[in-house]
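Undergrad: I would like the atomic coordinates for the input below:
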Amino acid sequence: MGKKLIEIMQLYFKAGKELNLEVMDKLYANDFENIRMDKAGQILRIYKTQFMKRFQIMKAKGLTHGTGDDIEITGTSFYDNLGSVLVRRNENEQPALYNFVWRINEGNPKELIREFTVEEDLSELIAIIKNSHDEERS
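TA: Predicted coordinates:
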């Protein structure tokens with residue numbers, strides 16, 4: 001079973017690297033949430049619509065979502081109808097830890113429902129999201 005989780009994570013990372021919005025949209029569950037925390041205890045919750053909007057903007061600007069060379073899958077686990085993939089990354093020389101939680105259907109990972117992330121510092125990301133909300137309101 002762990003092999004299936006690793007395979008879908010590889011598909012997920014490939015879609016992210018290529019900003020393949022169609023595949024990403026199918027992989028993220030409609031109720032997807034990314035819950036991020038940093039070492040200072042700041043917490044940020046990001047929903048599927050926010051993720052997809054950010055990726056659409058990046059693709060329109062010709063940006064990429066990293067190479068993925070820094071990804072290390074450290075473990076997998078299954079419980080009830082869920083599966084977790086634990087990942088360590090070192091993006092932009094900043095370490096981050098992830099727990100990707102997949103909904104399992106008939107023994108196969110079907111959609112990503114949660115991404116729990118622990119990072120060094122969320123201050124910059126919090127400011128970016130706050131500014132984008134402020135721009136949407138004006």
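Undergrad: Just the mean pLDDT for the longest helix seen in the chain, thanks.
TA: Secondary structure of the chain per DSSP state H: the longest helix is helix 2-18. Average pLDDT, helix 2-18: 93.
Undergrad: Now do it: distance to the chain's middle.
TA: The chain centre lies 11 Å from the centre of helix 2-18; the measure is C-alpha atoms, centre = their mean, to the nearest Å.
Undergrad: Spatially nearest residue to the residue nearest in space to the middle of the chain, not counting backbone neighbours?
TA: Closest residue to the average C-alpha location of the chain: residue 115 at 5.5 Å, with C-alpha atoms, centre = their mean. Leaving aside its sequence neighbours, residue 115 sits nearest to residue 34 (C-beta to C-beta, 6 or more residues apart in numbering; 4.3 Å). In this view, the C-beta of every residue, glycine as well, is placed from N, C-alpha and C.
Undergrad: Would you mind listing the residues in contact with that neighbour?
TA: 45-47, 51, 114-117 (C-beta atoms under 8 Å, 6 or more residues apart in numbering).
Undergrad: about what we covered before: tell me which element the residue nearest to the centre of the chain falls in.
TA: strand 108-119 (DSSP states H and E).
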